[in-house]
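> here you go, sequence then predicted model.
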Amino acid sequence: MKNMSMRDALRAALHEEMLRDETVFVMGEEVGRWQGTHRVTRGLYDEFGARRVRDTPISEMAIAGAAVGAAMAGLRPVAELMTINFAFLSLDAMVNHAAKIHYMFNGQFKVPLVYRAATGWGNQATATHSHSPEPIFAHFPGMFLGVPSNAYDAKGMLKTAIRDDNPVLFTEVIALYPKPSPIPDEEYLIPIGQGDIKRPGTDVTIVTYGRGVEWSLDAAGILAKEGVEAEVVDVRWLRPLDLPLILSSFKKTNRCVVVEESLPMYSFGSEIAAQLQEAAFDYMDAPIKRVHAMDLPLPYARTIELMALPNAQKVVDAVREVL
Amino acid sequence: MKNMSMRDALRAALHEEMLRDETVFVMGEEVGRWQGTHRVTRGLYDEFGARRVRDTPISEMAIAGAAVGAAMAGLRPVAELMTINFAFLSLDAMVNHAAKIHYMFNGQFKVPLVYRAATGWGNQATATHSHSPEPIFAHFPGMFLGVPSNAYDAKGMLKTAIRDDNPVLFTEVIALYPKPSPIPDEEYLIPIGQGDIKRPGTDVTIVTYGRGVEWSLDAAGILAKEGVEAEVVDVRWLRPLDLPLILSSFKKTNRCVVVEESLPMYSFGSEIAAQLQEAAFDYMDAPIKRVHAMDLPLPYARTIELMALPNAQKVVDAVREVL
Amino acid sequence: MATKTETLSKETLLTWYEEMVLIRKFEEMCRYLYFDEPDKKRRITGVYLHLASGHEAVHLGAVKALTADDHVITAYRDHGIGLARGVRADLLMAEMMGKRTGVSGGKGGSMHLAWRPVNFWGGYAIVGGHLPLATGIALKVRYMNEPNAVLCFLGDGASNNGYFHEALNMAAVWDLPVVWLVENNLVGMGTRIEDSTGQPELVKRAIAYGIKEGPRVDGQDVIKVYEAVKEALDHARAHGPVLMEALTYRFEGHGVSDKQFDARDDLKHELEQWRTRDPLVVFKALLDKRYKDLDDDYARIEADTDKTVQDAVEFAVNSPEPGYEDLIANVYVDSDLVHGDPLKL
Amino acid sequence: MATKTETLSKETLLTWYEEMVLIRKFEEMCRYLYFDEPDKKRRITGVYLHLASGHEAVHLGAVKALTADDHVITAYRDHGIGLARGVRADLLMAEMMGKRTGVSGGKGGSMHLAWRPVNFWGGYAIVGGHLPLATGIALKVRYMNEPNAVLCFLGDGASNNGYFHEALNMAAVWDLPVVWLVENNLVGMGTRIEDSTGQPELVKRAIAYGIKEGPRVDGQDVIKVYEAVKEALDHARAHGPVLMEALTYRFEGHGVSDKQFDARDDLKHELEQWRTRDPLVVFKALLDKRYKDLDDDYARIEADTDKTVQDAVEFAVNSPEPGYEDLIANVYVDSDLVHGDPLKL
Ligand SMILES: Cc1ncc(C[n+]2csc(CCOP(=O)(O)OP(=O)(O)O)c2C)c(N)n1
Ligand SMILES: Cc1ncc(C[n+]2csc(CCOP(=O)(O)OP(=O)(O)O)c2C)c(N)n1
Ligand SMILES: [Mg+2]
Ligand SMILES: [Mg+2]
């Protein structure tokens, strides 16, 4: 057991899987000689060389599409899109090809690939570089989508994503890269689609993922001082969604707040609220509240940027409203 | 007053606006000499010539981006993306530029453009050509999104979209192109963001848009024979959403079914259900049900394709569940 | 070096001719089944059906240049390529009819034919979208140090899409064994090549990627296509990508809803001109020049291909439709690594 | 035809020199305010800040070739281009600090500078994303039959993105007045040009669009850049697009988080080589060769530019921060055509 940052845990996952299976390789902008924009791939180029750690041109459509071809042909690409903002340019290759080829050709081909992309907003990255748009990618069937909230989960989830025969989009919250958790020395995998209770509680269910987990745990801490025990459910995967876990928590607490880093409309909070009111109508003691970023592009200036973003206090306020 | 197909009504809208304002022009694949893939632009090239009806290469990124530049510079492009399936390639230009430039540069530039794209699935168009992904585009603030459900709305909505100084994504359901409605001889505009009650009723609210309106009206007809009066709310615009209209209907009926042509997850039904349970919790007599396509890529074979799609009967069944 | 015509035996050439006839008949049967078949149960339905009559020499000549372990991928105008690669006509026709026995189980349709056993990686319907897939398949070849090459067909119109640029550049940077073969039929839907690009001589674009500028070959002459593609494949194996063109013409509209030839006199005239260079006519002329007394062969070929197409239709008509279990199959690969059922419907 | 150097007066050249010094000092001040400023309230913060020290001759020379009614657009390495175009240093510095008085109201930041009054259409941060915008602006020029041209800066790395291909091809088909000027600094982030493209001589890509292949000009020499861009703009006005390069080098890392020059000895060496061709050194040598006794001018320029930068900093520091009303302003253009409030927050 040792403490590792999420960045190091992700690198360890890549490293282990590359050692384990020669068909696993990394590709993307700056992943090699430059050691990775967010340094997740640091050292891999030096260890594995240019064959297995492949720098690409600035070509998001081709990165996403070439990964599909390579995967169909039998390799296991881990293709980095640097940040999810640039993955908008990859949407077609992801949705029309990665996610559909297995189905469309009736199982003749598998597409065992992982797309990795840094996600999240904050730090004045400005409108074009401030997205956490997981829900729009998870809208489409055929590709899984995972977002770890800590180093431990990150390692187990990424290893599973690499080994699974389905395409997976894996987004990594930039703000969480430096944060450490204890990582066992033994290998472990975290199943795709399995959520996790990050804090047990009885009075309210907070459903969240990624960076929202941090805000929610902080909020739960504040609430605990007022005698309110919040249960924090980290879905970990937006597709498939661990609805049974969310439901069982909600049926116990009868109150729910959904917390996400992203925009409000047609989003994560929308889906969770819709699912719960439909599947557990008789258990609802209050409306389900949603905490999210404001419905606008993010500005550069730090002060107003912070106003637009969710935080622990906003979660606390929302919980108070549903109690 | 005369009967016009939605196709002709859209063409009339383009024609009138082009006559009215010389800065309005049409661009896109096959819009000119070929007369438009779905024949919406038929005749415009012959009347207005190559300056104002501009055929483009197969370049969806550049079509979307060039329209932004032209709009910033003072023109009013109506840029056709042929079908919404190909607009996945335009997502970056739409979200990062069309929708954000006004904000990001603090109002220095306006982006008065309309993106038109045919939408919807059915008729064995297969997985890559069968999308109705409006919710993922409407997820992002800064650009409006309209989807008419009939010829009358189509004309008034498109004219407004062209005249408005904000960017608008306008999707047109292919299956509705041939369907006629009576169109007044006088000019009319339909405000952006204004929904419409397509059928008044007292027992249940059906919230829908685009092709869902047809299924919902058919369902309402069937239900009426059983003595159930369904109110059909056509939101017409996914952004901005006419929440007051939906709410006032729901507060009257206390029951709701949301009907969409699209996929279920992180989608239109999600958002409507989430909004209603939050804003009208005390008015909910039953869970809100969602009718949508099945959560999978669409297959080619007609029989199974139909199984995957929503229809009037599925709406009827959902309504019965909430009564 | 290119295999010279002389090394192709009479037998081989006649087999090719037969295959080319089969492709044409297959396309004509598709058109018939879509437009003219009175019996609803025997029809091809839907909105997308792109016939390749006129392109046969490109399809056959290029595919014949491949070894069994080489790879081929294309866009939606894919029937002839599948047949040339040896996919059974009946399995293809069943796919046209959306039957469970079709190559893609009735789920792909005309635009999404593929057959894994012969390395036919499929037809793709997003213009340009299959180009990076070709790059990826070629990457696997290099990664595994295999001796094979990838042949990627694309249209003239597709060469203006961002995918083209990124996929060709990436393949160039990685020095991958791909032949990019533009089926230049002068038009994308209704847009003429002069209106879709500032550089209608598309092979010139090779220089933008520092790759080999291949020839602009006569796409109506199967032998010329074969030789040029074979040479290009050899180059690709040894030295990396080649961009080449086959100049051809489609004898039908873009797709089944296209009435351009009915509507435009200038195109009708152009079509007539090109029909004089019908790939079947050109091929037959070559055979007749080289060999005597082929009439019996032609008669046999006519009968055999008729029968193959007819049998394919009967097979397709009599095949079962897919059912609910097919609808929900293969959305995801079954996996122990997934918690619960990812397909909760 | 290009304006010859001789026609540029001493006064003009000294003004340019002063502007170039200002640009350099502005960049150095930005670096200082980001890394070294002890007073938190005076700092530039955030994650993105891309300095262009080393590129000054490209920025200044190219922008000076524009008429007042011409248009200019670029990527995120945009400070120098704004200054060259005459945007006030204090408004730019205020934007760096996210102040309400900044050119973009503090909402755009370093990567999204723009100033409408001088047709500076902005900095853009999605690589390649501004290229079709340039096409669109040029389309407006042609549509309105205006005599102007568009100058679009882009990086060597950007030329491998799909946007490049589509935007250049579309501008070629429509024969639009655009000069595509690649600031070829040999690298995109950490990827060397030889590793990002099969064709490192980027002007050769002009042939892919049938447009004019412009020169690969010495990007450290402001006069050479000026003349070459002026000639290119004239060509663009009359005959359509030009693709040209300016060969240059950045003296800082890609952005503020980049430590490549600290980490790599070979790059440190390369940097030293290029520093001998610092655009300021090259320009000063030219001035000294041509004119005598400029010491007073240099002293005045030094003092004036110092003061301009210092004033800009004070202006920025003392400017108000944007508030909630700014946060929610300009998401949408106010419109009578919209029902209700589109910004229900
Ligand atoms: C990305 C994308 N844009 C547009 C279309 C619509 N479309 C289908 S085929 C086609 C023309 C393609 O022309 P070309 O590449 O020359 O191939 P050809 O049909 O001539 O064989 C177009 C525009 C599409 N399928 N995908
Ligand atoms: C579409 C997209 N992909 C990736 C990035 C990340 N990125 C920012 S700058 C850059 C390098 C650009 O290099 P170049 O075009 O040569 O410009 P330079 O920085 O050298 O001026 C990259 C990859 C981005 N901003 N946008
Ligand atoms: Mg073509
Ligand atoms: Mg560069």
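Cool, the structure landed. Keep in mind the model is a prediction, meaning the values are calculated, not measured. Numbers count the residues shown, from 1 in each chain, chains lettered A, B, ... in the order given. Ligands and ions are numbered 1, 2, ... in the order given.
> burial of C:Leu139, as a residue count?
The tally of other residues near C:Leu139 (other CB atoms under 10 Å in any protein chain shown) stands at 28. C-beta: built from backbone N, CA, C; applies to glycine.
> isn't it right up against A:Gly69?
Yes. Assessed by CB atoms under 8 Å, C:Leu139 is found in contact with A:Gly69 at 7.1 Å.
> which residue sits closest to the residue of the stretch 51-200 of chain A found nearest chain C, ignoring its sequence neighbours?
The stretch 51-200 of chain A approaches chain C most closely through A:Gly69 (2.2 Å), counting by CB to the nearest CB. Closest residue to A:Gly69 apart from its sequence neighbours, by CB to CB, 6 or more residues apart in numbering or on different chains: C:Gly136 at 2.2 Å.
> give me the domain ranges for chain A.
A:2-183, A:196-322 (automatic domain parsing).
> just these: most buried one?
Among the domains of chain A, domain A:2-183 has the highest mean neighbour count (mean count of other CB atoms under 10 Å in any protein chain shown), at a mean of 24.
> A strand includes A:Met27, no?
Yes. Looking at A:Met27 with DSSP: H, G, I helix; E, B strand; the rest coil, it is inside a strand.
> can you pull the contacts of the closest residue to it other than its chain neighbours?
Closest residue in space to A:Met27, ignoring its immediate chain neighbours: A:Arg54 at 4.1 Å, by CB to CB, 6+ apart. By CB atoms under 8 Å, 6 or more residues apart in numbering or on different chains, A:Arg54 lies in contact with A:Phe25, A:Val26, A:Met27, A:Gly28, A:Val31, A:Gly32, C:Trp174.
> ok, so of those, who is nearest ligand 2?
Using CB to the nearest ligand atom, A:Gly28 comes nearest to ligand 2 of the contacts of A:Arg54, at 9.9 Å.
> wait, what's in contact with that closest one?
Counting by CB under 8 Å, 6+ apart, the residues that A:Gly28 touches are A:Arg54, A:Asp55, A:Thr56, A:Ile63, A:Ala79, A:Glu80, A:Leu81, A:Met82, A:Arg116.
> among the residues you listed, name the ones in helices.
A:Ile63 (DSSP state H).
> and the spatially closest residue to C:Arg192 that is not a sequence neighbour, how far from ligand 4?
In space, and not counting its chain neighbours, C:Arg192 is closest to C:Leu186: 6.4 Å by CB to CB, 6+ apart. Note on C:Leu186: its distance to ligand 4, by CB to the ion, to the nearest Å, is 38 Å.
> surely C:Leu186 touches C:Ile193?
Yes. Counting by CB under 8 Å, C:Ile193 is a contact partner of C:Leu186 at 5.2 Å.
> higher neighbour count, these two?
For the pair C:Leu186 and C:Ile193, the greater number of neighbours falls to C:Ile193 (21 against 17), based on other CB under 10 Å.
> give the buried residues for the helix or strand hosting C:Ala303.
Using DSSP states H and E, the element containing C:Ala303 is helix C:295-318. Buried positions in helix C:295-318, judged by neighbour count with 16 or more other CB atoms under 10 Å in any protein chain shown: C:Tyr298, C:Ile301, C:Thr305, C:Thr308, C:Val309, C:Ala312, C:Val313, C:Phe315, C:Ala316, C:Val317.
> and the residues you listed, which is closest to C:Gly105?
Closest approach to C:Gly105 among those (CB to CB): C:Ala316, at 13.0 Å.
> ok, now which ones touch the closest one?
C:Ala316 touches C:Asp90, C:Met93, C:Ala94, C:Met96, C:Met97, C:Lys99, C:Thr101, C:Gly102, counting by CB under 8 Å, 6+ apart.
> Throw those residues into TSV and include neighbour count, thanks.
Output for those, formatted as TSV (neighbours: other CB atoms under 10 Å in any protein chain shown):
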residue	neighbour count
C:Asp90	21
C:Met93	29
C:Ala94	26
C:Met96	28
C:Met97	29
C:Lys99	22
C:Thr101	19
C:Gly102	26
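> hmm, A:Pro299 is touching D:Glu325, no?
No. With contacts counted by CB under 8 Å, A:Pro299 stays clear of D:Glu325, the gap being 12.0 Å.
> OK, contacts around C:Leu154?
By CB under 8 Å, 6+ apart, the contact set of C:Leu154 is C:Thr74, C:Ala75, C:Gly128, C:His130, C:Leu131, C:Phe164, C:Trp180, C:Leu181, C:Val182, C:Glu183.
> return the member of those nearest to chain B.
C:Gly128 (7.2 Å).
> for burial, what's the neighbour tally of the closest one?
29.
> now do the contacts for it.
B:Ile58, C:Leu154, C:Ala158, C:Asn161, C:Gly162, C:Tyr163, C:Phe164, C:Ala167.
> ok, the last one touching A:Ala66?
Right, C:Ala167. Yes. Counting by CB under 8 Å, C:Ala167 does reach A:Ala66; the two are 7.1 Å apart.
> can you list residues touching both of these two?
Common contact partners of C:Ala167 and A:Ala66 (CB under 8 Å, 6+ apart): C:Pro132, C:Thr135.
> for chain C, which residues are neighbours of ligand 1?
C:77, C:125-127, C:155-158, C:183, C:185, C:187-189, C:254 (CB under 6 Å from any ligand atom).
> list just the nearest of those residues to ligand 2.
For these, the closest approach to ligand 2 (CB to the nearest ligand atom) belongs to C:Ile126, at 19.5 Å.
> what about the closest one, which helix or strand?
Going by DSSP H and E, C:Ile126 is not in any helix or strand.
> so what pLDDT did it get?
pLDDT recorded at C:Ile126 is 98.
> wait, doesn't A:Ser5 sit right on A:Asn150?
No. Using CB under 8 Å, A:Ser5 is not in contact with A:Asn150; the gap is 10.1 Å.
> how is the residue of the stretch 51-200 of chain A closest to chain C assigned, secondary-structure-wise?
In terms of secondary structure, A:Gly69 is helix; the call rests on three-state DSSP.
> quick one, phi/psi of the residue in chain A that ligand 2 sits nearest to?
In chain A, no residue comes nearer to ligand 2 than A:Phe86, which is 4.0 Å away by CB to the nearest ligand atom. When quoted as degrees, to the nearest 10, the phi and psi of A:Phe86 stand at phi -80, psi -10.
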